[in-house]
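1. Starting from these lines, generate the structure:
(one chain, ligands or ions: 2)
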Amino acid sequence: MFKKEKQIKRVVIKIGSSSLTSMHGEISRRKLENLAEQIVALKDAGYETAVVSSGAVAAGYRKLGCIDRPSSLPEKQAAASIGQGLLMESYSELFLSHGYVASQILITRSDFSDEVRYGNMHNTMNVLLERGIIPIINENDTVTVDRLRFGDNDTLAAKVAGLIDADLLIILSDIDGLYDSNPNDNPNAKLLENVHSITPEIEAAAGGSGSAVGTGGMKSKIQAVKIAMAAGIDSFLGKAGTENILMEAVEGAAKGTYFEQEPDAFNLDNQKQWIAFHSGPEGKVTISSNAKTAIIDKNENLYRSDIQDVTGRFKDGAVVRILDEEGKEIGLGRINFSNEQLNEVSAEDENELEPAIAQETFVCSRDFKLPALV
Ligand SMILES: Nc1ncnc2c1ncn2[C@@H]1O[C@H](COP(=O)(O)OP(=O)(O)O)[C@@H](O)[C@H]1O
Ligand SMILES: N[C@@H](CCC(=O)OP(=O)(O)O)C(=O)O
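-> Numbers count the residues shown, from 1 in each chain. Ligands and ions are numbered 1, 2, ... in the order given. Sure thing, here's the model as predicted:
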């Protein structure tokens, strides 16, 4: 149940493999139809919905000639290349029969760290959502490299939710929420209906997957919720296949776990999210303690004269780490000078008047705590 009055308009729905497949690990048409009907009900009620759907491997492995869901990466990728098209065909057909158009978006992790591609994804999804289309998003399985994969779609869904400034991330799974310990190990585990922050206890309670098709288990869902929370987005976790669960989830009345931040929690805009979670900082600047107080507590700009030390090579416009005099990272910022320019600019220089940092995300104030996330 939501505590605060929420205006929900834009929703990301994450549908895991286990929510789409039969006992044998193949796509279940009945499950797909049920989910599509629930998404259509949301669309009819005026919600903008983006779907992050797994299921490509499940839809393709039989046609690849495998008897069971494959476990090697090349076979999974080959199965996904067959299955993704089939999955999209089913979604398109189901949505079209209700008058809605589906679109396909395949994403890799590196698409988030490239600012131009990040911007393009943001713009494209906005156009689609504003025009009533239902984007169906999945990892671009066939081109991903093992160590650079999302692997499970929970993290992808959370990052998409941040990218499009969603009001709610709904994660559907094979279980009706987060329990205080793994129900596979503890039959007396209790459902947690409301969680306001991801504490170490919550992280410890979340275990791996209980099924043969699920990839990330509860662990990856909690990490995903943490990413969404850092972007100021509330989440709901519930059981796929439950009647009316999507509508009840947006209305704040579904059975499951609501992850809802306190009303005064921060909310990072899209550009700051990119700096905080996706950018990959290129250098470091150390600032004076006076400057630290000024920029964090007084919301002032950071100037060249505030910078005491510069480490690394970076161009103007790059994202750098901002360190205090003790060497502690206090935030990330997009810098207006290259490392060379910073070293050249003197106190009398005209450039001195230009703030050194154009945009920033700070650890201790200015609306943002930098969680150890990615
Ligand atoms: N604390 C917990 N609460 C609920 N489920 C948990 C917990 N710890 C581990 N799990 C397991 O995580 C599973 C859900 O993750 P997963 O199998 O990856 O599903 P999906 O395919 O929907 O992503 C549950 O079915 C359960 O077995
Ligand atoms: N991209 C893969 C999904 C990976 C996966 O199984 O994700 P999840 O269901 O979130 O554990 C696919 O479409 O098969």
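
2. ends of stretch 8-24, how far apart?
-> Stretch 8-24 has an end-to-end distance of 36 Å (C-alpha to C-alpha, to the nearest Å).

3. Check which residues of stretch 192-204 are buried.
-> By neighbour count, with 16 or more other C-beta atoms under 10 Å as the criterion, the buried positions of stretch 192-204 are 192, 195, 198, 202. For every residue, glycine as well, the C-beta is placed using N, CA and C.

4. Which elements pack onto the helix or strand encompassing the last one?
-> Put plainly, it is Ile202. Assigned by DSSP states H and E, Ile202 belongs to helix 200-205. Contacts defined by 3 or more C-beta pairs under 8 Å, 6 or more residues apart in numbering; DSSP states H and E place helix 200-205 against helix 217-230.

5. any bit of the helix it packs on sitting next to ligand 2?
-> No - Helix 217-230 does not reach ligand 2 (C-beta under 6 Å from any ligand atom); its nearest approach is 7.2 Å.

6. thinking again about what came up before, got a markdown table for the buried residues of stretch 192-204, with pLDDT and distance to Ile105 too?
-> Output for these, formatted as a markdown table (pLDDT from 0 to 100; distance: C-beta to C-beta, whole Å):
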| residue | pLDDT | distance to Ile105 |
| --- | --- | --- |
| Leu192 | 97 | 32 |
| Val195 | 95 | 29 |
| Ile198 | 89 | 27 |
| Ile202 | 93 | 31 |
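
7. quick one: which of those sit in strands?
-> Val195 (DSSP state E).

8. circling back to that earlier point, with just CA atoms, put the helix holding Ile202 into PDB.
-> Provided in PDB are the C-alpha atoms of helix 200-205 (Å, rounded to 0.1, in the frame of the first residue of the first chain):
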ATOM      1  CA  PRO A 200      22.100  -4.500   4.800                       C
ATOM      2  CA  GLU A 201      19.400  -6.800   6.500                       C
ATOM      3  CA  ILE A 202      17.200  -6.600   3.500                       C
ATOM      4  CA  GLU A 203      20.200  -7.300   1.200                       C
ATOM      5  CA  ALA A 204      21.100 -10.300   3.400                       C
ATOM      6  CA  ALA A 205      17.500 -11.700   3.200                       C
END
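
9. Off-centre distance for it?
-> 20 Å (C-alpha atoms, centre = their mean, to the nearest Å).

10. hmm, back to that, can you name the two of the buried residues of stretch 192-204 that are farthest apart?
-> The span of the buried residues of stretch 192-204, defined through C-beta to C-beta, is set by Leu192 and Ile198 at 11.4 Å.

11. on that earlier part again, now, which of the buried residues of stretch 192-204 sits nearest Asp152?
-> Closest to Asp152, out of all of the buried residues of stretch 192-204 and judged by C-beta to C-beta, is Ile198, at 16.9 Å.

12. Tell me how far that closest one lies from Tyr258.
-> Distance, Ile198 to Tyr258, using C-beta to C-beta, to the nearest Å: 13 Å.

13. The stretch 1-150 of the chain: strands as residue ranges?
-> 10-15, 48-53, 102-107, 134-139 (DSSP state E, counting those that start in this stretch).

14. wait, which of those is closest to Phe95?
-> strand 102-107 (4.7 Å).

15. That closest one pairs with which strands, parallel or anti?
-> Strand 102-107 has the following strand partners under DSSP bridges: strand 134-139 (parallel).

16. pLDDT below threshold where in the stretch 151-300 of the chain?
-> For the stretch 151-300 of the chain, the stretches with pLDDT under 70 are 210-215, 262-267.

17. Go again with 80.
-> Applying pLDDT under 80 to the stretch 151-300 of the chain flags residues 151, 208-216, 261-272, 295-300.

18. Going along the chain, name the strands of it.
-> So, for the stretch 151-300 of the chain - with DSSP E, counting those that start in this stretch - the strands run 168-173, 194-195, 234-239, 257-259, 283-287.

19. quick revisit: what residues are shared contacts of Ile198 and Tyr258?
-> Common neighbours of Ile198 and Tyr258, counting by C-beta atoms under 8 Å, 6 or more residues apart in numbering, are absent.

20. about what we covered before: tell me the most buried of the strands of the stretch 151-300 of the chain?
-> strand 168-173 (a mean of 28; mean count of other C-beta atoms under 10 Å).

21. just the angle between that one and strand 48-53, please?
-> 30 degrees (axes from the mean of the first three to the mean of the last three C-alpha atoms, to 10 degrees).

22. So which residues make contact with strand 168-173?
-> Applying C-beta under 8 Å, 6+ apart, the set of residues contacting strand 168-173 is 6, 8, 10-16, 18-19, 35, 154, 157-158, 161, 214, 221, 224-225, 228, 233-240, 245-246, 249-250.

23. filter these to the buried ones?
-> Listed as buried from these are 8, 10-16, 18-19, 35, 154, 157-158, 161, 214, 221, 224-225, 228, 233-240, 245-246, 249-250; burial here means 16+ other C-beta under 10 Å.

24. Report the contact partners of the nearest residue to Leu178 once chain neighbours are set aside.
-> Nearest non-adjacent residue to Leu178, counting by C-beta to C-beta, 6 or more residues apart in numbering: Thr257, 4.3 Å away. Contacts for Thr257 (C-beta under 8 Å, 6+ apart) come out as 177-178, 191-195, 236-238.
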